[in-house]
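A.B. asks: Curious how this folds, go ahead:
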Amino acid sequence: MTFIRLFIFALGCLLMACAAPPQVSAVPETVEIYKPDLSRQCEVDSGVPLSDMQKTLTDAGILVLSSRRDHDCFFRPAFCGGGTSNINVFVVSSDQLTAAQALGFIPMSKLQARCATP
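C.D. replies: Residues are numbered from 1 along each chain as shown. Here you go, the predicted structure:
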C-alpha cells in the first residue's frame, strides 16, 4: 500500500511540473540607434566622441547596453573640412526608442534599409 501511495504522489508531482507556466526571459528587446559624429576630413580628433553621446543618452535616463563607432554607407567628396561617414551606434532597450529619437538619434534599421543594395 505504501508503494502505491508513493507512486501516486510522484505521478502528481510530475503532472504539476508539466502544468507550470514557462519561464519568461528577463532580457529586454533591444534596438540599435545611431547619430553622425559630425567629424570633418583632415581634422584630427574632430567630431563628438562616443562617450559624450553616450552621456547625452544616460543623462536623459536611457540605459545604454553597448556602443561602438561605425560608418554609414554613403560616399562623400574628399576634401579637407568635408563631412565624414563616421557614426556612433548604441544599443538601447526598444521601449526607450522614442526618447532617443527625441534627442536626434535614428534607428539603425532606417540606415540599413537605405544602404541595402537592390
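
A.B. asks: what's around residue 108, how many residues?
C.D. replies: Using other C-beta atoms under 10 Å, residue 108 is surrounded by 19 other residues. C-beta here means a position set from N, CA and C on the backbone, and glycine is covered the same way.

A.B. asks: Make 102 the first number, not 1, from now on.
C.D. replies: Renumbered: residue one is now 102, and that last one reads residue 209.

A.B. asks: show me what contacts it?
C.D. replies: Residue 209 makes contacts with 132-135, 190, as judged by C-beta atoms under 8 Å, 6 or more residues apart in numbering.

A.B. asks: try it again with 7 Å
C.D. replies: 133-135, 190 (C-beta atoms under 7 Å, 6 or more residues apart in numbering).

A.B. asks: Distance of residue 157 relative to residue 150?
C.D. replies: 11 Å (C-beta to C-beta, to the nearest Å).

A.B. asks: Comparing these two, which residue is more hemmed in?
C.D. replies: A direct count of neighbours by other C-beta under 10 Å for residue 157 and residue 150 places residue 157 higher, at 19 against 13.

A.B. asks: where does this protein have low pLDDT?
C.D. replies: Flagging of the chain using pLDDT under 70 yields the residue ranges 102, 104, 106-129, 217-219.

A.B. asks: now the strands: where do they sit in it?
C.D. replies: Secondary structure of the chain (DSSP state E): strands at 131-137, 165-172, 187-194, 207-208.

A.B. asks: which parts of the second one are buried?
C.D. replies: Of the residues in strand 165-172, those scored as buried under the neighbour-count criterion (16 or more other C-beta atoms under 10 Å) are 165, 168.

A.B. asks: and residue 137, what is it in contact with?
C.D. replies: For residue 137, the contacting residues are residue 188, by C-beta under 7 Å, 6+ apart.

A.B. asks: No further questions, thank you.
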